[in-house]
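J.: A structural model of the following input is requested.
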Amino acid sequence: MTTSIPRTSAEFEHPDEVDRLVEAERPDRTAATLRPRLDLALGVLAVASGVVGLWAANRTSPLTTPDGGLAPVLPPIYWVAAVTVNLALVLSLGRRVSPLLHPTLVAGLVLLLYAPCAVVGDVPRNAVAWRHLGVADAMAHGVFDPRIDVYFNWPGFFPALATFVHASGLSPVAVATWAPVANVLLWSLAIVAVVRTLTDHRDTIMLTLWLFLLGNWIDQEYLSPQALGFLLHLTVLALAMGVLGARVVGRRPRRRGEGWTGVRVPEHPDPRLRRLVFGLLLVVSVALVASHQLTPVVLTVSLTGLVVVRRCWTPLLPAAVAVVLVLWMLYPASVYLVGHPIFGAQEAGVVQANVTSRVVGSVAHRAIQGVRMELTVAMWLLAAAGMLHAWRAHRRDPRPYVLAVVPFLMLPILNYGGEMLLRVTLFSLPFVAYFGALRLLDLLPRWSGGFGRRGAASASRAVMLVVLLSVLAVASVTARYGNARFDTFTQDEVQAVDVLDRLAPPGGLVVAGAASTPWAAEDYATLTRRTVQSLCSADFAPHACAAALRDLAYHEADHGGLTLLLMRANQAALEVQGQMTRQRFARFERAVVQLPGTQLLYVNRDARIYHLAPTTSSSAAATTRTAP
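T.: Now for the predicted structure:
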């Protein structure tokens, strides 16, 4: 209850009562004076924690990273920084803060969790990002043949990437290096826009974004069409739930069998703005359909869910997106879809394709997979508690419930190479985080409790929240960088790839040891690329792999055989994923060296390049059988 001071002291029995009331208000004035200083201190603390964490990650190397990924080799100061940035967040909750504090806190967390991808190793991690640079370069030079591969059937992202690189003057490698940080910051803005359509409570919005950043171990924010697609997906949802949102006015059914008599009313009263936004969303949807094959499907289902619960003003929006999607698959993408349907049954069961087939490899790698599943389950359990809490509190807005669940309807429908569970988890994560934030609101500190029993209870809640968020941060780093031994690269490996591109004849075949190779950034459409990992998938025995390469070189006689690249990251990938031990990889390489016509072309600390000339099958087979 706020106490007001009367205008004069004549209304008091004792003149000293005025002085007592002035003294009672003095702590509030002191708090108002100290608040900007505290906000500044928390912002500096968060950014400093992010910088310290980035410095600590920069001291690691792919050469010393174990099977368990980056987490085991991070110095203790990194984990201290992780606790500190969460402490800064908790100290900002439950009170009025400066408008700049929350963005500063998010910047500190992003530096801590996402920026290490730019400093671990000498070059950008994730081999797929290198491939995307090559596709953009090929399209910039006029190559748009849909028969090459899937990228040329959904090309929208790559000309935009090439245009950005050319217009900005940045190095393509630098763009790929820092793309994860830029993408996750753009995602954060979009998530805030989405959550603001559900609530105006600043702490709920902040906790939702924080939980999303902690729970997003899926690693899809690298330079990719998926990253752009997710941003456009969130943008469409924000506008569909905001300007094109609707509320239902009327009576709910009171008896079984009685229909709903409510009327759908637009949230935004300006029909001209609604039409303008509808047209804008159609343009964005076309760009999305042209850029990625999966995201438009999930967007269509999500928008349909909003229409079903009568919270979207125009039911034509999901229908229009669906029509654009079907037309694209019938015409521009028809060449690829003839042999690669994205709809239909999985090659294996849903659980086997998305879960059990991934829990393989070394003991440490299986432990990483366990951490990933446990973090995902923990986020969903927290969300389930938040859903139940919100329902009991009569906060029954159906939109977050629908958008958290409907992406999982895609699991038995879409065939996406065993990655559907990862992708739908990402699409549902903003709303999972929202419900988790609703549950964590009970742990917000009450800073007006003083130093008594109420203040002690508030402090204990704050400590619990810091501990919970810190545990999630540790799990997030462990899960996100669990493949760091083979998805980060050294400068020697990149140099070997450059040499490989120069040595391989135009139109020739190049083979790398595994998919974890930073190649295809140039000459994407002029070279055919394969991997030992795919060629030997049926049998990774050393002599069988060498025989497969021998046969492939024989079939490439018109191009003079094949060029083989074996790198440190290739060997690490085969070891960590349980396909070859260190000893078996060494025997495989010796068997390749002993094949007739094999010539060592290049060697450095982390890579070797061989040329395998075509030989007669009989002499090569005899050599392979006698290989140790």
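J.: where does pLDDT dip in the protein?
T.: Low-confidence segments of the chain (pLDDT under 70): 1-34, 250-262, 339, 341-359, 415-418, 447-455, 616-628.
J.: show me it divided up by domain.
T.: 123-249+265-443, 489-625 (automatic domain parsing).
J.: any chance of those in a markdown table, plus distance to Leu74 and mean neighbour count?
T.: (Glycine included, C-beta is placed from N, CA and C.) Converted to a markdown table, the domains of the chain look like this (distance: least, Cβ to Cβ, whole Å; neighbours: other Cβ atoms under 10 Å):
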| stretch | distance to Leu74 | mean neighbour count |
| --- | --- | --- |
| domain 123-249+265-443 | 14 | 19 |
| domain 489-625 | 18 | 19 |
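J.: can you put those in a markdown table and add distance to Arg461?
T.: Listed next are the domains of the chain as a markdown table, based on distance: least, Cβ to Cβ, whole Å:
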| stretch | distance to Arg461 |
| --- | --- |
| domain 123-249+265-443 | 5 |
| domain 489-625 | 41 |
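J.: so which of the ones you listed gets nearest Arg480?
T.: Among the domains of the chain, the nearest to Arg480 by Cβ to Cβ is domain 123-249+265-443 (4.5 Å).
J.: for the closest one, the distance to its chain's centre please.
T.: 9 Å (Cα atoms, centre = their mean, to the nearest Å).
J.: can you give me the end-to-end span of that domain?
T.: Counting by Cα to Cα, to the nearest Å, you get 41 Å between the two ends of domain 123-249+265-443.
J.: assess the claim that His292 and His233 are in contact.
T.: No. Contact criterion Cβ atoms under 8 Å: His292 and His233 do not qualify, at 9.2 Å.
J.: Leu231 and Leu186 touch, don't they?
T.: Yes. Using Cβ under 8 Å, Leu231 is in contact with Leu186, at 5.4 Å.
J.: so who does Glu265 touch?
T.: For residue 265 the amino acid is Val, not Glu. Val265 is in contact with 246-249, counting by Cβ atoms under 8 Å, 6 or more residues apart in numbering.
J.: want to throw these into TSV with distance to Asp397 and secondary structure?
T.: Putting the contacts of Val265 into TSV (distance: Cβ to Cβ, whole Å; DSSP: H, G, I helix; E, B strand; the rest coil) gives the following:
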residue	distance to Asp397	secondary structure
Ala246	12	strand
Arg247	10	strand
Val248	11	strand
Val249	15	strand
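J.: and the gap between Val471 and Asp67?
T.: 23 Å (Cβ to Cβ, to the nearest Å).
J.: equivalent analysis for Phe427, please.
T.: Phe427 sits at a distance of 30 Å from Asp67 (criterion: Cβ to Cβ).
J.: so which of Val471 and Asp67 has more stuff around it?
T.: The neighbour count for Val471 versus Asp67, taken as other Cβ atoms under 10 Å, is higher for Asp67 (22 against 16).
J.: surely Glu589 and Leu565 touch.
T.: No. Counting by Cβ under 8 Å, Glu589 stays clear of Leu565, with 11.7 Å between them.
J.: quick one: common contacting residues for those two?
T.: By Cβ under 8 Å, 6+ apart, Glu589 and Leu565 have these common neighbours: Arg608.
J.: so which of the domains of the chain gets nearest Val80?
T.: Val80 lies closest to domain 123-249+265-443 among the domains of the chain, at 17.0 Å (Cβ to Cβ).
J.: show me what the host helix or strand of Asp498 packs onto, helices and strands only.
T.: Assigned by DSSP states H and E, Asp498 belongs to helix 491-503. The elements that helix 491-503 packs onto, with contact taken as 3 or more Cβ pairs under 8 Å, 6 or more residues apart in numbering; DSSP states H and E, are strand 562-567, strand 598-603, strand 607-612.
J.: got the contact list for Tyr524?
T.: Listed by Cβ under 8 Å, 6+ apart, the contact set of Tyr524 reads 131, 134-135, 137-138, 143.
J.: ok, residues contacting stretch 551-567?
T.: 493, 496-497, 500, 503-505, 507-513, 517, 519, 530, 535, 549, 589, 592, 597, 601, 606-617, 620.
J.: again with stretch 330-338
T.: By Cβ under 8 Å, 6+ apart, stretch 330-338 touches 146-147, 149-150, 153-154, 290, 293, 329.
J.: nearest to Arg395 among those?
T.: Gln293 (35.9 Å).
J.: what sits against the nearest residue to Phe435 once chain neighbours are set aside?
T.: Sequence neighbours aside, Gly386 is the residue nearest to Phe435 in space, at 3.4 Å (criterion: Cβ to Cβ, 6 or more residues apart in numbering). Contact partners of Gly386, counting by Cβ under 8 Å, 6+ apart, are 434-440.
J.: give me the phi and psi for Gly386.
T.: Taking degrees, to the nearest 10, you get phi -70, psi -40 for the backbone angles of Gly386.
J.: what does Arg264 give?
T.: The phi/psi pair for Arg264 (degrees, to the nearest 10) reads phi -80, psi 130.
J.: bridged to it, which residues?
T.: Under DSSP bridges, the beta-bridge partners of Arg264 are Val248.
J.: how many neighbours does it have?
T.: 15.
J.: thought it was touching Trp313?
T.: Yes. With contacts counted by Cβ under 8 Å, Arg264 reaches Trp313, the gap being 7.1 Å.
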